[in-house]
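Peer 1: what follows is a predicted structure for the sequence shown.
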Amino acid sequence: MPKAKPILVSLAFLLAWTLPALASEFGLTFDRDNRTYRWNNFLQYTSPAGPRLQARVRGDLSKVLIKKAPGSTGSDRWQDHVDLSAGLDARINDWSSVGLVLSGERTSLNRGEIITRGGLLASSLTVTPLPRATLVGTLGGKLDQKEQSDLDSREDGLSYGLSATWEPVISGARTVLEADLSGDRLSAGHNASRTLAASIDRPLPGGSRITLSFDDRLDARTNLFGPADETVLKRQDRIYRAANLSVEAPLPLDHRLRLSVSSSDRRIEYSLPQGPDQEVARQNSRKTTKGFSAGLQGRPLGKWSLSGDFSLEQGRHDFGRDINDEDVEEIFLGARVSTGLSPRDSVEVSGQVTRSSFDPPHPENFNQRDSFTSALKLTHSHRFSEVLRLTTEAVANFTHLVYLRSQRSANNNWTRNYGLYPSVRIRPWPSLTIDQGFGIAANYTEYDFDDLFTDIRSNIFRQARVSSDVRYHPGNELELSFNYTYRTEDFGRLIREDRWVEILSWDKSYQNFDLSVAYPVFSRLTIIPNAGYSHRREYEHRQGGRHFKSRLISKRIGLRGRVRLRSAGDIAFSMSRSVENATDIPERTFDRLQLTIQQFF
Amino acid sequence: MRKSTSLLPLPLLSLLPCLLLLLAAPGCDNPFSTRSAEEPSVRRGTWEDPVFYDAVLRNLEHSYNEQIIDNFTDSISEDFRFFPDPVDAAQNPGIFDDWGFEQERDVTRSIFSSGSGSFIDLALVDTTMEVTFYPSGDTVRAEVIYALSVDQDTVSAPRHAAGRAIFFVSEGSDGFWKVYRWEDSKADYPDSSSWGALKAGFAGG
């Protein structure tokens, strides 16, 4: 009987759907992914906006079932969730309104292993005392209940909230001031949230501009944490403070300069309800950062567009257990140049370098390290005609990871990554688009201290790929899509002698076909049958020969569709089956099913 | 329109970052250069280049058993997400909100530094993998049964965990595979603890 509940509730929703229109929207989704089943239903009603009153109702029901694995002695796992809410807003006059909200929710895990229930009845008052100023106060009663083996708990108490927002324009400066205080005071657990935020954005003479912002947020919760037999009532404070000052100024030749300084402090602190506790405080953590950044952008030579960015950030990560503490520094420089060489050609070049340093103060932490990364990217686009366009992208990325201490430095390495990716787009007719992509890439990983060890780990990985996409859209909802991809890769060890020598370890190749047709069966029903086939082969290289290692074949078939209902709404469905055959593994089948019903009233 | 006033008279200032980039080229003494390293005194631990998706899980298993955080962080991607068992999420409110790479790295580092010697024993068994092909690279959904023991008493956390993890692994442009999504599920027998419960213990729950 319990398993019939989602079906009964779904039927009730469907019944409501057929009744005279009262709801604004109704939705139902069913999804099956192998052993995981998900149901979700929701119903939402909002009354027509009246001069004084507006009402809204919303209900959600969701269930998740994870069926036990074949052969398992365990049981199926369930997650049930129901959430209902209703609200009423009444306008008193032009500058004030009151509201009432009633909500309840219930979550059950594994058929009652844990049941949580919550309820809220609250009223609110919204006042607009000044233009661009809003005050909102809420007050209500709240109930939280948890059933868990022999550890049941029931809490009730007060829920409150007070927020104020003021967005004045003072002497030409756009100012936003926000203050918010909200939370629950229940018999044992308390949640409190406090926000203070301010920002000022002021234009200066000469087209300059200055912006100052400040954030102070606190989220505190007192809860039972931990597994059922070891729960501890703890208070957790999440504190975030940040300040930022930035200045923008115009420069000659249509340039703009931006300078910014920032600081942030993020803390997670634990205590017992009766006060600080040394043992509990071992879980505390704190991350502080301060930074400076500068940016410049402009068009110094007419059609050339240039920009550059620099930033420096320093921080400290302070964990309750000192061994994990770290000082962090990061310096970044980037630049970008772009231009239209001719009406048919455009070029963009961008590059960046970054160095990050991590310094743990604890002598037993050996993770003191630097990381250097640089990247260069070149993009060229040429339009031969309205029918044919060629785009070429070239990239080069370099990374050097350096652990300073001998306990970790065996891992120090350079990685050098190069890639070239030309692509062609052909549109002989508006209804036909052909994208042809090519790519070659190589990744070299060279370990700094490989010479000291007998097992060589420096390596090279290479990849080449070709892909073809064809989309034919003759009209209405009829569309044919075809994709073919071929990819080949190889991997080998790199040995440093007089020059680099490669010893090939393996190679593999992939081929993939996908075909789908969107087809309107009749005016309200569109179906999209699709099929796919993939083939992968892997070969090992040893003893001077190339030996077959494994093969994997995947066949897929599926059907998607959408039915547009006579009234506003639709039904969408998707089902698929894929079958995999791999070397030395029994054939495997994966099924997926999804059904969505949505109705607007 | 108001005429803009320049604060700095230098033209072509946009080229300044380009000049700085040249300064940063390898070989010059510049703020981007890395420091010198000591010669290694120990190996990095058990590691195989994750050029096949199953190697990622073997590296992850070895990283736990040998407590080498770099081998663990090299097995998960920057956009990593962890999804706990709903029971763990209910028992540790707020702990798993927005759990990404940084949280995973910090907590795993705490787990690895909570004891000494061979105090961690992780076994990943009974793996089922499903491959999804994409032109840019493949994605694998690997379903794994795990058994984990962490013999430590510095933090109030389960010493034994067992359950099912679903790892979503993808291939990067360097040909190396990494985990980008991890869904945890406790074992389907009573009184079992999951990997997520262990993480929650070290994260403060």
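Peer 2: Yep, it's here. Because the structure is predicted, anything quoted here is derived from the model rather than measured.

Peer 1: now stretch B:98-114: mean pLDDT?
Peer 2: Stretch B:98-114 shows an average pLDDT of 89 in the prediction.

Peer 1: strands paired with the helix or strand hosting residue A:118, and their directions?
Peer 2: Residue A:118 belongs to strand A:114-127 when elements are defined using DSSP states H and E. For strand A:114-127, the paired strands and their directions (DSSP bridges) read strand A:96-109 (antiparallel), strand A:133-148 (antiparallel).

Peer 1: dump these to TSV, plus mean pLDDT.
Peer 2: Converted to TSV, the strands paired with strand A:114-127 look like this (pLDDT from 0 to 100):
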stretch	mean pLDDT
strand A:96-109	94
strand A:133-148	91
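
Peer 1: in CSV, list these along with mean neighbour count.
Peer 2: Just so you know, the C-beta spots here come from the backbone N, C-alpha and C atoms, and that holds for glycine as well. Shown next, in CSV, are the strands paired with strand A:114-127 (neighbours: other C-beta atoms under 10 Å in any protein chain shown):
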stretch, mean neighbour count
strand A:96-109, 16
strand A:133-148, 17
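
Peer 1: now these as TSV including distance to residue A:547?
Peer 2: As requested, the strands paired with strand A:114-127 are arranged in TSV below (distance: least, C-beta to C-beta, whole Å):
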stretch	distance to residue A:547
strand A:96-109	50
strand A:133-148	56
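
Peer 1: quick check: which of these is nearest to residue A:336?
Peer 2: With C-beta to C-beta, the closest approach to residue A:336 among the strands paired with strand A:114-127 belongs to strand A:133-148: 41.4 Å.

Peer 1: related to what we said a few turns ago, which one of the strands paired with strand A:114-127 lies closest to residue A:420?
Peer 2: strand A:96-109 (52.1 Å).

Peer 1: what does the closest one rub up against?
Peer 2: Contacting residues not belonging to strand A:96-109 are listed as A:78-92, A:114-128, A:140, B:86-87, B:90 [C-beta atoms under 8 Å, 6 or more residues apart in numbering or on different chains].

Peer 1: quick check on those: which are buried?
Peer 2: A:78-85, A:87-89, A:91, A:114-120, A:122, A:124, A:126-127, A:140, B:86-87, B:90 (16 or more other C-beta atoms under 10 Å in any protein chain shown).

Peer 1: for residue A:106, give the beta-bridge partners.
Peer 2: In beta-bridge terms (that is, DSSP bridges), residue A:106 pairs with residue A:82, residue A:117.

Peer 1: from chain B, how far out is it?
Peer 2: Noted for residue A:106: a distance of 12 Å to chain B, by C-beta to the nearest C-beta, to the nearest Å.

Peer 1: repeat for residue A:466
Peer 2: 9 Å.

Peer 1: burial check on that residue, number of neighbours?
Peer 2: Number of residues near residue A:466 (other C-beta atoms under 10 Å in any protein chain shown) recorded here: 14.

Peer 1: okay, the nearest residue to it once chain neighbours are set aside: pLDDT?
Peer 2: Nearest residue to residue A:466 in three dimensions, chain neighbours excluded: residue A:486, at 5.0 Å (C-beta to C-beta, 6 or more residues apart in numbering or on different chains). pLDDT, residue A:486: 95.

Peer 1: now for the strand or helix carrying residue A:486, which elements pack on it?
Peer 2: Using DSSP H and E, residue A:486 maps to strand A:478-496. Packed against strand A:478-496, as judged by 3 or more C-beta pairs under 8 Å, 6 or more residues apart in numbering or on different chains; DSSP states H and E, are the following elements: strand A:432-447, strand A:459-475, strand A:500-522.

Peer 1: so where do the strands sit in chain B?
Peer 2: B:76-83, B:120-132, B:139-150, B:160-171, B:177-186 (DSSP state E).

Peer 1: now the angle from the fourth one to strand A:478-496?
Peer 2: I take that to be strand B:160-171. 100 degrees (axes from the mean of the first three to the mean of the last three C-alpha atoms, to 10 degrees).

Peer 1: pairing partners for strand B:160-171, with directions?
Peer 2: Assessed with DSSP bridges, strand B:160-171 is paired to strand B:139-150 (antiparallel), strand B:177-186 (antiparallel).

Peer 1: that one to strand B:76-83, inter-axis angle?
Peer 2: 130 degrees.

Peer 1: check which residues of strand B:160-171 are buried.
Peer 2: Per 16+ other C-beta under 10 Å, strand B:160-171 contains these buried residues: B:161, B:162, B:163, B:164, B:165, B:166, B:167, B:168, B:169, B:170, B:171.

Peer 1: go on, stretch B:40-53?
Peer 2: Quick answer for stretch B:40-53 (16+ other C-beta under 10 Å): B:40, B:44, B:45, B:47, B:49, B:50, B:51, B:52, B:53.

Peer 1: with respect to chain A, which of the residues you listed is nearest?
Peer 2: residue B:40 (3.6 Å; C-beta to the nearest C-beta).

Peer 1: surely that closest one touches residue A:406?
Peer 2: Yes - with contacts counted by C-beta atoms under 8 Å, residue B:40 reaches residue A:406, the gap being 5.7 Å.

Peer 1: for residue A:371, the count of nearby residues, please.
Peer 2: Neighbours around residue A:371, by other C-beta under 10 Å: 16.

Peer 1: show me what contacts the nearest residue to it once chain neighbours are set aside?
Peer 2: Among residues not flanking residue A:371 along the chain, residue A:356 sits closest, at 4.6 Å (C-beta to C-beta, 6+ apart). Going by C-beta under 8 Å, 6+ apart, residue A:356 touches A:328, A:329, A:330, A:370, A:371.
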